[in-house]
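Engineer: Here is my input; please provide its structure:
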Amino acid sequence: MRVAVTGGGGFLGSHLCETLLRRGDEVVCLDDFSTGDPENVAPFIGNPAFELVRTDVSRSIGVAGAVDAVAHLASPASPPDYLRRPLETLAVGSRGTENALRLATHHDARFVLASTSEVYGDPEVHPQDETYWGHVNPIGPRSVYDEAKRFSEAITQAYRTHCGTNTGIVRIFNTYGPRMRPHDGRVVSSFVVQALAGEPLTVYGDGKQTRSFCYVDDLVRGILAMLDRDEPGPVNLGNPVELTVLELADRVLKLTGSQAEVQFHPLPVDDPTRRRPVITRASERLGWRPDVGIEDGLRRTVEWFAARPDDVAAALAAIRGGQQAGVATSVPGPLRATPAAS
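Structural biologist: Down below sits the predicted model:
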């Protein structure tokens, strides 16, 4: 199978590219590296089954040759990224999604949209199953991401209904693991960076808000299962084990051996207070459940960060300054990208 992966240079996208290559598929990775990292896909350069196309998918998507499936993962995903790039986030959720859908429709290919638990907003129903419509502020600071994903689901469903495109939607809950950017502002990466440096862990609100954390290998298995079936979804992909933010902080401190304290800061506007997926549909229709427990997953993640002390130090400086460090936006020497086809 030849799979086009938009956002293939990002955290999730690069893991998906790697797993597809490992199982014998061909991969066309499309990314402009505005939030992805060229180093994530550097090991694949030179593999004849891998092609890198550097392009902004909200402007155009051109793939030469056959396409059997399209996995649309392109989008800023961490709050600092989409708050810093609001118009780009809306563009990739709207125009980018339609461009990816047109590619799939033209090639009669399977299309899978990587949506998000953020479509549920700050939920009034707990835990969240796929029948819940959500509780989202359409003009709040998080709306550029929430509504971009809600629109992307709507247009995906419209292409399925009116164009006959073979589409599927997965709603991804908090995911963590190696290749997370240490400066991306997500709670796992921030806690690990701060703990490794012996700095106070930043907790927003009272820390009693909950999240469910899925290890990246498990999440990718779920996306693959969706690619390999004709299931339309939406299907929740996430770990149903619920932790408070304070419980997560405690686990990170124990794994790193850090004696750092916890510092409390005001809760951001519209920050969800509870988040946990119902995964019955994923289990019954995809045969999927997460396997990696939080202790094992965090241990692997801590080890990955600990092996990159320079990156951790740079991220810590950004966190201290209240700013997010920049990411690479150019492809270094070892990478040779194929220009976007017209």
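
Engineer: quick one, phi/psi of the residue located most distally from the centre of the chain?
Structural biologist: Distance from the C-alpha centroid of the chain peaks at residue 259, with 30.5 Å (C-alpha atoms, centre = their mean). For residue 259, the backbone dihedrals are phi -100, psi 20 (criterion: degrees, to the nearest 10).

Engineer: residues in contact with it?
Structural biologist: 198, 253 (C-beta atoms under 8 Å, 6 or more residues apart in numbering). Every C-beta, even on glycine, is put in place using the N, C-alpha and C of the backbone.

Engineer: Run through who's touching the host helix or strand of residue 4.
Structural biologist: In this structure, residue 4 sits in strand 2-6 according to DSSP states H and E. With contacts defined as C-beta under 8 Å, 6+ apart, strand 2-6 is touched by 13, 16-17, 20, 25-31, 57, 61, 63, 65-74, 96, 100, 103, 109, 227.

Engineer: I'd say residue 282 and residue 239 touch.
Structural biologist: No: if you go by C-beta atoms under 8 Å, residue 282 and residue 239 don't touch, sitting 11.0 Å apart.

Engineer: Kindly list the main-chain dihedrals of the residue nearest to residue 141 when sequence neighbours are not counted?
Structural biologist: Nearest-residue entry for residue 141: residue 269, 5.4 Å, with adjacent residues in sequence omitted and distances by C-beta to C-beta, 6 or more residues apart in numbering. Main-chain dihedrals, residue 269, degrees, to the nearest 10: phi -60, psi 130.

Engineer: so residue 269 makes contact with residue 122?
Structural biologist: No: judged on C-beta under 8 Å, residue 269 makes no contact with residue 122 at a distance of 10.2 Å.

Engineer: Who has more neighbours out of the two?
Structural biologist: residue 122 (19 against 9; other C-beta atoms under 10 Å).

Engineer: Not counting its neighbours along the chain, what's nearest that one?
Structural biologist: The shortest distance from residue 122 to any non-neighbouring residue, by C-beta to C-beta, 6+ apart, is to residue 272 (4.5 Å).

Engineer: How many residues are close by residue 175?
Structural biologist: Neighbours of residue 175 (other C-beta under 10 Å): 26.

Engineer: Does it have any beta-bridge partners, and if so which?
Structural biologist: Residues in a beta bridge with residue 175, per DSSP bridges, are residue 214.

Engineer: Hmm, it is touching residue 12, no?
Structural biologist: Yes: between residue 175 and residue 12 there is a contact at 6.5 Å, judged by C-beta under 8 Å.

Engineer: Now the common contact residues for the two.
Structural biologist: Common neighbours of residue 175 and residue 12 (C-beta under 8 Å, 6+ apart) are 216, 219.

Engineer: give me the low-pLDDT residue ranges for the stretch 151-300 of the chain?
Structural biologist: Flagging of the stretch 151-300 of the chain using pLDDT under 70 yields an empty set of residue ranges.

Engineer: can you map out the helices along it?
Structural biologist: Ranges of helices in the stretch 151-300 of the chain, per DSSP state H, counting those that start in this stretch, are 187-196, 216-227, 245-256, 280-281, 294-306.

Engineer: ranking these by burial, who's on top?
Structural biologist: helix 187-196 (a mean of 24; mean count of other C-beta atoms under 10 Å).

Engineer: Can you spell out which helices and strands pack onto it?
Structural biologist: When contacts are defined as 3 or more C-beta pairs under 8 Å, 6 or more residues apart in numbering; DSSP states H and E, helix 187-196 packs onto strand 201-204, helix 245-256, helix 294-306, helix 309-321.

Engineer: neighbouring contacts of it?
Structural biologist: If you take C-beta under 8 Å, 6+ apart as the criterion, helix 187-196 is touched by 174, 176, 180-183, 199-202, 211, 213, 245, 248-249, 252-253, 255-256, 258, 260, 298, 301-302, 305-306, 312, 315-316, 319.

Engineer: measure the residue nearest to residue 95 when sequence neighbours are not counted to residue 117 for me?
Structural biologist: Nearest in space to residue 95, with sequence neighbours left out and distances taken as C-beta to C-beta, 6+ apart, is residue 58 at 4.6 Å. Distance of residue 58 to residue 117, given as C-beta to C-beta, to the nearest Å: 23 Å.
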